[in-house]
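1. coords please:
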Amino acid sequence: MKFKITPFISLFFCSAVFGQMKDSIAADEILAEVVVTGTRTERVLSSLPLPMTIITSDAIVKSGVTRLSEILNEQTGIILIPDESGFEGIQMQGLDAAYTMIMIDGVPLVGRSSGALDLSRVSVGNIERIEIVKGASSALYGSEAMGGVINVITKRPQKDLFSGSLSYRYASFNTNDANVNLLWKKKKFAANVFANYNSSDGYDLDKSSWLKNIEKYHNNTIQPKLYYDFSENLKLIVSNRFYNQKIDNKAVIETKQYLGDATEKEWNSQIKLEHNWNSKIYSEYEFYVTNYKNNAFLNDENSVLFEESYYNQWLLRPEVRTTFSIKANKLTTGIGFNHETLDRTYFDSNVVFNSQYVFVQYDYNPTEKLNILAGFRYDNHSEYASQFSPKLAANYKITEDFSLKASVGYGYKAPDFRQLYFDFMNPQVGYTVLGYNVAEDRLKELDDQGQIANRISGINFNNPLKAESAINFNFGTFYKRNKFRLDVNAFYNSISNLIDTQVVAVKSNGQNVFSYTNISEIFTYGLEYNSTYNFSKEFTVSLGYQYLIAKDKSVIDDFEEHKFVRPSGSGTIAIKKSDYFGLFNRSKHTANVKFLYRIPRMKTDINLRVFYRGKYGMFDTNGNSIMDKYDKFIDGYVLTNLSISKQIQDKFMLQAGANNVFDFTDPDQINNLAGRQFFARIQYNF
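-> Model (predicted):
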């Protein structure tokens, strides 16, 4: 493999030289960063043998963003990609959004209509920190964590006091965001109440169409949390979250205009009991339930119902975890049960998943310099084969400032409800899409009705659809000394049994019947680099870079048979294996540079962030079904975000700035770049 990263190597050595300079640093840089997501126990970030990133509340405030999607999109190696539902999902280490688990306070969100969660559902107004674990995490979290985990951790009262904040932000497109965050603690009782209101008129990049890229919407979030300490060893947490959104719904079909609306409702509740049996045994008893609903309709020009859709998903999960401290080591065990139901448009009935799971993890420290993390999880599922997910990781401290870390893990992604139970017929075109578990019965029904011309030979549904599985490798370094901090990680993912669509029958109208099957194998590999250098207490520069290759193994194998050609004049010519660019919607190069400048006398912070995404392809444009260098690419582009924050007497904060400062748009090819957006914000802390 060839890595054309000479600028990166030069940057690495320059940064290393800076790192040898010895000087004092700000006090907050000395504080150890404690994380919980990677191991489900408290660990110092520098000693963790896993690739992990922390986004602090201070970084969120200084950036001026309001939604989870916005702050994640500013992180190295993370790109937000719109899916077929219009939601923007996380692409991490080259893997799609369906492979990353999104959690709030350690419990997962639901509501993936096409694999991606709508991350704009989550406000950042009450976030303490965001922990991002990259790489297979199924050994702790099961399905959907095949590519990694993002855990949003909200604020918790720590001292006996009443405090909080009020904030309001106004931005372009008549976008409003208002927050109230209250924290209170007195002896055994504590509470945190957060409320958010967010609305926008949306934006329109194509004035020739009456449809907008983003339609008008408004939403609100209410998140109350209660805490009660029965004693120092027994503590109760009750947390709830309520989210509601309404969106204008519009469509144009065969020149006719249709109007309606779409509503989203989300509710989740978590009850957790923290129990210290003694100095060596700690348990958590957790019960979690969540429900996500989405309803939409369209009326024709005469206000007659034309189309409607609905989505109603429930997840109920009790779980018990216990950690045993054995000298300098920790043994963590857990057992739980998942009960999921989904009722949605084009499902014959409400479908149910049940699964039981157990996980074990041993955090072993044989010496002061070596840490080994070993564990596994076993899932027994009602609809697909049982899964065994092991993981092994190690961190070795060469010096107090420099360590090496490596990990290998198995991850899996279970077939989702849609892939198993979908039953959809397009009324305009006439094709049909069937979930794997209902395909055989529905094909027989269609055949009996005379709608099937022929079945594709060799295709049957006798064996269950397999879960997608992945082997993930990470190898990296962590260096932190004085003014300089460096984190480098090389990764490799190999995914088998990738679930994809295939034609299973031809209808009498000439259209196809599609279903799902395990057919593909893909792999991704690359390198991530993050560094921070404090030139002084007032001036900090951060650099981030990702090199990524993502390809389909079956395509590479097919090159041996010279299957791929491209148009040339009146004929075609064969293309080389080296001409194969890779999977769609992946950039080989992404980078960012962030500048933070503090003016102490004025109590002002200037935060400038510049982001680069290299070229990528969205479609096969020369008819050979793959992305090769002769296809049409979306050119690389640069986005710049700026925010300026000023403190007034430690109570008020005034903030102003702009996202996409230089107003880059490409409406013909990129539909999720809204152009320049100005904003202003005021916050009162008490």
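2. so residue 199 bridges to which residues?
-> residue 176, residue 218 (DSSP bridges).
3. looking at it, it is touching residue 215, isn't it?
-> No - judged on C-beta atoms under 8 Å, residue 199 makes no contact with residue 215 at a distance of 11.9 Å. For the C-beta atoms, the positions are set from N, CA and C on the backbone; glycine is no exception.
4. test my guess that residue 214 contacts residue 673.
-> No - taking C-beta under 8 Å as the definition, residue 214 is not a contact partner of residue 673, at 11.2 Å.
5. so what's the most centrally placed residue in the chain up against?
-> Nearest to the geometric centre of the chain sits residue 90, at 3.7 Å (C-alpha atoms, centre = their mean). Neighbour list for residue 90: 72, 78-81, 97, 100, 102, 116, 119, 150 [criterion: C-beta atoms under 8 Å, 6 or more residues apart in numbering].
6. which residues does it bridge with?
-> residue 80.
7. report the buried residues of stretch 429-440.
-> 431-439 (16 or more other C-beta atoms under 10 Å).
8. make a markdown table from those and add pLDDT, distance to residue 593 and secondary structure to it.
-> Formatted as a markdown table, these follow (pLDDT from 0 to 100; distance: C-beta to C-beta, whole Å; DSSP: H, G, I helix; E, B strand; the rest coil):
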| residue | pLDDT | distance to residue 593 | secondary structure |
| --- | --- | --- | --- |
| 431 | 87 | 47 | coil |
| 432 | 92 | 50 | strand |
| 433 | 91 | 44 | strand |
| 434 | 94 | 48 | strand |
| 435 | 92 | 46 | coil |
| 436 | 93 | 46 | helix |
| 437 | 91 | 49 | helix |
| 438 | 93 | 51 | helix |
| 439 | 94 | 50 | helix |
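9. quick one: residue 282 and residue 275 touch, right?
-> Yes - taking C-beta under 8 Å as the definition, residue 282 is a contact partner of residue 275 at 7.1 Å.
10. comparing those two, which shows the higher neighbour count?
-> Here residue 282 and residue 275 are compared on neighbour count by other C-beta atoms under 10 Å; more neighbours surround residue 282, at 19 against 16.
11. got the phi and psi for that one?
-> Torsion angles at residue 282 (phi, psi; degrees, to the nearest 10) stand at phi -130, psi 130.
12. that one - nearest residue in space that isn't next to it in sequence?
-> Closest residue to residue 282 apart from its sequence neighbours, by C-beta to C-beta, 6 or more residues apart in numbering: residue 323 at 4.9 Å.
13. for the one you found, what are its contacts?
-> Residues counted as contacts of residue 323 (C-beta under 8 Å, 6+ apart) are 40-41, 281-283, 330-333.
14. hmm, which of those are the buried ones?
-> Buried among the contacts of residue 323 by 16+ other C-beta under 10 Å: 40, 282, 330, 332-333.
15. now, which of these sits nearest residue 527?
-> residue 40 (28.0 Å; C-beta to C-beta).
16. thinking again about what came up before, out of the buried residues of stretch 429-440, who's nearest residue 643?
-> Distances from residue 643 to the buried residues of stretch 429-440, taken by C-beta to C-beta, are shortest for residue 433, at 44.4 Å.
17. my read: that closest one touches residue 515, true?
-> Yes - counting by C-beta under 8 Å, a contact exists between residue 433 and residue 515, whose distance comes to 7.4 Å.
18. identify the contacts common to the two.
-> residue 501.
19. any idea how far residue 300 is from residue 211?
-> According to C-beta to C-beta, to the nearest Å, residue 300 and residue 211 sit 16 Å apart.
20. who's more crowded, the two?
-> residue 300 (15 against 11).
21. average pLDDT across stretch 635-655?
-> In this model, stretch 635-655 has a mean pLDDT of 96.
22. likewise stretch 116-126?
-> Stretch 116-126 comes out at a mean pLDDT of 92.
23. and stretch 591-604, by the same measure?
-> Stretch 591-604 comes out at a mean pLDDT of 96.
24. give the contact list for residue 647.
-> Taking C-beta under 8 Å, 6+ apart, one finds 603-604, 653 in contact with residue 647.
25. quick one, what contacts the residue nearest to residue 183 when sequence neighbours are not counted?
-> Excluding its sequence neighbours, the residue lying closest to residue 183 (C-beta to C-beta, 6+ apart) is residue 157, at 4.4 Å. The neighbourhood of residue 157, defined by C-beta under 8 Å, 6+ apart, consists of 163, 183-185, 190-192, 227.
26. taking these one by one, which sit in strands?
-> 163, 183-185, 190-192, 227 (DSSP state E).
27. any chance of those in a markdown table, plus distance to residue 110 and pLDDT?
-> Listed next are these as a markdown table, based on distance: C-beta to C-beta, whole Å; pLDDT from 0 to 100:
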| residue | distance to residue 110 | pLDDT |
| --- | --- | --- |
| 163 | 32 | 94 |
| 183 | 28 | 96 |
| 184 | 30 | 96 |
| 185 | 31 | 96 |
| 190 | 28 | 97 |
| 191 | 26 | 97 |
| 192 | 23 | 97 |
| 227 | 25 | 97 |
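28. could you identify the most distant pair in the residues you listed?
-> Spatially, the most separated pair among those is 163 and 227, at 14.8 Å (C-beta to C-beta).
29. neighbour count: these two, which is higher?
-> residue 227 (20 against 14).
30. coming back round to it: who wins on neighbours among the contacts of residue 647?
-> Of the contacts of residue 647, with other C-beta under 10 Å as the count, residue 653 tops at 20 neighbours.
31. roughly how far apart are that one and residue 242?
-> Note on residue 653: its distance to residue 242, by C-beta to C-beta, is 27 Å.
32. for residue 403, see how far away residue 486 is.
-> From residue 486 to residue 403 the distance is 11 Å (C-beta to C-beta).
33. which neighbours do these two share?
-> Counting by C-beta under 8 Å, 6+ apart, the contacts common to residue 486 and residue 403 are 477-479.
34. among those, which lie within helices?
-> Of the positions in the shared contacts of residue 486 and residue 403, not one sits in helices, assigned by DSSP state H.
35. who wins for most neighbours among those residues?
-> Most surrounded of those: other C-beta under 10 Å gives residue 478, at 23 neighbours.
36. contacting residues for that residue?
-> 46, 402-403, 405, 486-487.
37. likewise residue 358?
-> Contacts of residue 358 by C-beta under 8 Å, 6+ apart are 333-336, 377-378.
38. residues near residue 644, how many?
-> 18.
39. over to residue 201?
-> Residue 201: 17 neighbours (other C-beta under 10 Å).
40. excluding chain neighbours, what is closest to it?
-> Nearest one to residue 201, counting by C-beta to C-beta, 6+ apart, is residue 174 at 4.3 Å.
41. measure that neighbour to residue 369 for me?
-> Taken as C-beta to C-beta, the span from residue 174 to residue 369 is 57 Å.
42. now residue 654
-> With C-beta to C-beta as the criterion, residue 654 and residue 369 are 48 Å apart.
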